[in-house]
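Q: with the sequence up front, the predicted model follows.
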Amino acid sequence: MKLLNILHTTEYHYHSPVKLGTHRALFRPREGHDLHIERAHLEIEPTPNLSWLRDIYGNSIAVMKFAEPTDKFRLHSDITVALYDDSPVESLLDPLAAAYPFSYASNEQVEIIPYRLPSYPHDGPAVKRWLLDLYQPGQMANTSDLLDRLNTRIFEAFEYRYRPEYGVQLPCTTLALGTGSCRDYAVFMMEAARHWGFAARFVTGYIQMAEGQHGATHAWTEIYLPGAGWRGYDPTNNKQVGQEHVSVAVAREQDQASPLSGTWEGASDAFDRMEVSVQVVGV
């Protein structure tokens with residue numbers, strides 16, 4: 001068992017008071033057999049009418065409605081989680097899925113169809129050409145090895161670039177530029193896996209960095225493997241998801257897992273700046 005403390009502060013500053021519309025925040029990690037929330041504290045300024053809901057993916061979402069105009073919007077989340085060891089993919093993988101290509105069981109087909117459909121079908125030809133260096137149609141391959149090679153190939157082929165802009169690049173844009181953020185890497189791997197017939201989804205959360213570093217918000221890909229379930233791959237860091245990763249939200253599309261979304265009304269030049277601070281440290 002491993003304990004992590006996650007401190008996440010997001011602040012929006014405005015030159016003049018604005019009216020905040022409804023905001024939705026995803027800060028609370030997804031609990032399960034491998035993660036328990038030991039303690040959680042959330043501060044919001046100005047004080048909203050706060051409610052919580054579970055979306056279609058089971059993500060925990062804070063819904064905030066504000067009454068008075070403000071020139072500052074601040075969220076501060078302080079959470080301690082306990083992480084437990086999970087079994088390696090190879091020890092749980094259904095023998096019928098150990099070699100690729102394979103077919104998902106009939107009793108799972110309906111549920112996973114949306115996760116097998118590409119989100120960017122127009123980028124499909126370019127992604128498929130890029131994948132030919134890893135796998136030729138008609139070949140047999142070890143499933144775990146193939147996905148590890150895909151993870152590594154994305155890490156080696158692209159150069160990481162921090163991008164503060166909202167949203168992600170199209171896969172063809174990532175191919176053309178040869179650069180991307182963790183969100184872009186995750187989307188590219190998700191699309192690549194779908195073109196091979198795997199069920200894949202987007203994940204956002206936190207990652208504990210190396211000693212001396214604070215940590216960061218992060219994004220990666222999960223792929224559904226018969227017997228092993230949803231398994232995480234982090235192409236930004238060329239590793240499978242482990243105890244340094246804390247999942248907050250999963251979705252078929254990345255914009256459905258945005259950490260914070262909402263609107264505001266005010267003068268066109270009212271927005272000043274956004275500040276984000278994240279620390280992920282062992283306890």
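A: Looks like it came in fine.
Q: outline the domain layout of this structure.
A: Residue ranges of the domains in the chain are recorded as 2-84+258-282, 91-241, according to automatic domain parsing.
Q: of these, flag the one that's most buried.
A: Each of the domains of the chain was given a mean neighbour count from mean count of other C-beta atoms under 10 Å, and the largest, a mean of 17, is that of domain 91-241. Using the backbone N, CA and C atoms, a C-beta is placed for each residue, glycine as well.
Q: please, where are all the strands along the stretch 151-283 of the chain?
A: Along the stretch 151-283 of the chain, the stretches classed as strands by DSSP state E, counting those that start in this stretch are 159-160, 179-180, 199-207, 216-225, 229-234, 239-240, 245-251, 260-265, 271-282.
Q: can you list contacts of the longest one?
A: Residues from elsewhere that reach strand 271-282, judged by C-beta atoms under 8 Å, 6 or more residues apart in numbering: 2-15, 206-209, 214-217, 246, 264.
Q: do the same with the fifth one
A: The contact list for strand 229-234 (C-beta under 8 Å, 6+ apart) reads 89, 92, 147, 150-151, 189, 201, 203, 207, 218, 220-225, 240-241, 245, 247, 250.
Q: coming back round to it: could you redo the strands of the stretch 151-283 of the chain as JSON lines and give each row mean pLDDT and distance to Asn107?
A: What follows is the strands of the stretch 151-283 of the chain, written out as JSON lines (pLDDT from 0 to 100; distance: least, C-beta to C-beta, whole Å):
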{"stretch": "strand 159-160", "mean pLDDT": "95", "distance to Asn107": "39"}
{"stretch": "strand 179-180", "mean pLDDT": "96", "distance to Asn107": "36"}
{"stretch": "strand 199-207", "mean pLDDT": "97", "distance to Asn107": "14"}
{"stretch": "strand 216-225", "mean pLDDT": "94", "distance to Asn107": "13"}
{"stretch": "strand 229-234", "mean pLDDT": "96", "distance to Asn107": "14"}
{"stretch": "strand 239-240", "mean pLDDT": "94", "distance to Asn107": "26"}
{"stretch": "strand 245-251", "mean pLDDT": "96", "distance to Asn107": "21"}
{"stretch": "strand 260-265", "mean pLDDT": "95", "distance to Asn107": "35"}
{"stretch": "strand 271-282", "mean pLDDT": "93", "distance to Asn107": "38"}
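Q: would you list the ones you listed in CSV and tack on distance to Ala97?
A: Converted to CSV, those look like this (distance: least, C-beta to C-beta, whole Å):
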stretch, distance to Ala97
strand 159-160, 31
strand 179-180, 29
strand 199-207, 12
strand 216-225, 6
strand 229-234, 12
strand 239-240, 17
strand 245-251, 21
strand 260-265, 36
strand 271-282, 33
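Q: nearest to Asp55, of the ones you listed?
A: For the strands of the stretch 151-283 of the chain, distance to Asp55 was read as C-beta to C-beta. The smallest value, 8.2 Å, belongs to strand 245-251.
Q: the closest one pairs with which strands?
A: Using DSSP bridges, strand 245-251 pairs in its sheet with strand 199-207 (antiparallel).
Q: dump the strand it pairs with to CSV, restricted to CA.
A: These are the backbone C-alpha positions of strand 199-207, laid out as CSV (Å, rounded to 0.1, in the frame of the first residue of the first chain):
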residue,chain,number,x,y,z
ALA,A,199,-11.6,-0.9,-27.1
ALA,A,200,-9.8,2.2,-25.8
ARG,A,201,-10.7,5.3,-23.7
PHE,A,202,-9.2,8.6,-22.5
VAL,A,203,-8.1,9.0,-18.9
THR,A,204,-7.2,12.2,-17.0
GLY,A,205,-5.7,12.3,-13.5
TYR,A,206,-2.5,12.9,-11.6
ILE,A,207,1.0,11.5,-11.7
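Q: could I get the full set of helices for the chain?
A: Counting by DSSP state H, the segments of the chain that form helices are 89-92, 106-116, 124-131, 143-157, 171-177, 182-195.
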